[in-house]
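Engineer: A predicted structure for the sequence below; I have some questions about it.
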Amino acid sequence: MRFCDALCLATFTLAACGAPDRNGATPDMKWHEDETLGLRFAYPDSFLIGSYAREELPPAAVEAGMERPFVNAVVLIHPSMLGDYELDAIAVGEVSVIWIDRPISTELVFRAFPADSTYTIGELEVARFPGYPSPYGDQAHYYIVKFADGEHYELAAHRYFWHTPEMTPTGYDRIIEKIIPTLERLGRGN
């Protein structure tokens with residue numbers, strides 16, 4: 001077999017087996033652009049894009065100046081998890097999902113919770129934490145990604161499937177790690 005033929009065969013085999021394209025997406029992924037977050041990313045085509053329900057904060061929280069969390073979060077949900085929820089009204093904490101959002105306080109997270117690991121993908125700096133910075137946070141996978149321009153995004157997911165007899169792992173950390181290399185700032189590059 002000639003070198004050129006072998007190279008073509010290897011390229012075809014890698015593409016068929018899910019090799020990433022130049023932007024990090026594999027053939028089983030599709031692209032999503034979110035103007036509110038200013039972000040473009042690829043995600044598994046077996047998931048749907050949704051958002052959390054727009055629930056009002058209690059009056060005391062509003063008076064204290066609190067903002068409703070996850071107001072701009074992009075929610076990735078597997079159709080089998082959707083149940084009776086509408087894609088634009090997924091209840092926070094009721095079903096196992098992946099979400100992407102801007103963190104409320106990056107400095108606080110880094111001060112209060114040391115990262116398990118940090119690494120770089122291209123110009124993206126990634127910090128992986130032992131859990132989400134909140135009560136019951138150990139039930140979630142949590143990452144903060146920093147772009148070259150200093151902007152931060154959080155990617156998080158439930159660690160276990162809800163409403164199952166056993167604590168069955170979701171494996172959503174592996175999905176987040178497939179999404180991270182595809183992250184692009186809209187109109188700004190990385």
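Structural biologist: Looks like it came in fine. Numbering: from 1, shown residues only.
Engineer: am I right that residue 49 falls within a strand?
Structural biologist: Yes. Under DSSP: H, G, I helix; E, B strand; the rest coil, residue 49 sits within a strand.
Engineer: got a list of what it touches?
Structural biologist: 32, 43, 74, 75, 76, 87 (CB atoms under 8 Å, 6 or more residues apart in numbering). Any C-beta I mention is one placed from the backbone N, CA and C, and that applies to glycine too.
Engineer: repeat that for 6 Å
Structural biologist: Taking CB atoms under 6 Å, 6 or more residues apart in numbering as the contact definition, residue 49 lies against residue 32.
Engineer: which SS class is the closest residue to residue 160 other than its chain neighbours?
Structural biologist: If the residues on either side of it in the chain are set aside, residue 160 comes closest to residue 167, at 4.7 Å by CB to CB, 6 or more residues apart in numbering. Per three-state DSSP, the local secondary structure of residue 167 is coil.
Engineer: so residue 167 versus residue 83, what's the distance?
Structural biologist: 20 Å (CB to CB, to the nearest Å).
Engineer: could you do residue 63 as well?
Structural biologist: For residue 63 relative to residue 83 (CB to CB), the value is 34 Å.
Engineer: quick one: which of these two has more around it?
Structural biologist: residue 83 (12 against 9; other CB atoms under 10 Å).
Engineer: name whatever forms a beta bridge with residue 129.
Structural biologist: Listed by DSSP bridges, the beta-bridge partners for residue 129 are residue 142.
Engineer: these two touch, right, it and residue 142?
Structural biologist: Yes. Counting by CB atoms under 6 Å, residue 129 does reach residue 142; the two are 4.4 Å apart.
Engineer: count of neighbours near residue 48?
Structural biologist: 16.
Engineer: just to revisit the earlier point, neighbours of the residue nearest to residue 160, how many?
Structural biologist: For residue 167, using other CB under 10 Å, the count is 10.
Engineer: that one contacts residue 161, doesn't it?
Structural biologist: No. Here residue 167 lies out of contact with residue 161, judged by CB under 6 Å, at a distance of 8.2 Å.
Engineer: spatially central residue for this structure, please.
Structural biologist: Among the residues of the chain, the one closest to the centroid is residue 155, at 3.6 Å (CA atoms, centre = their mean).
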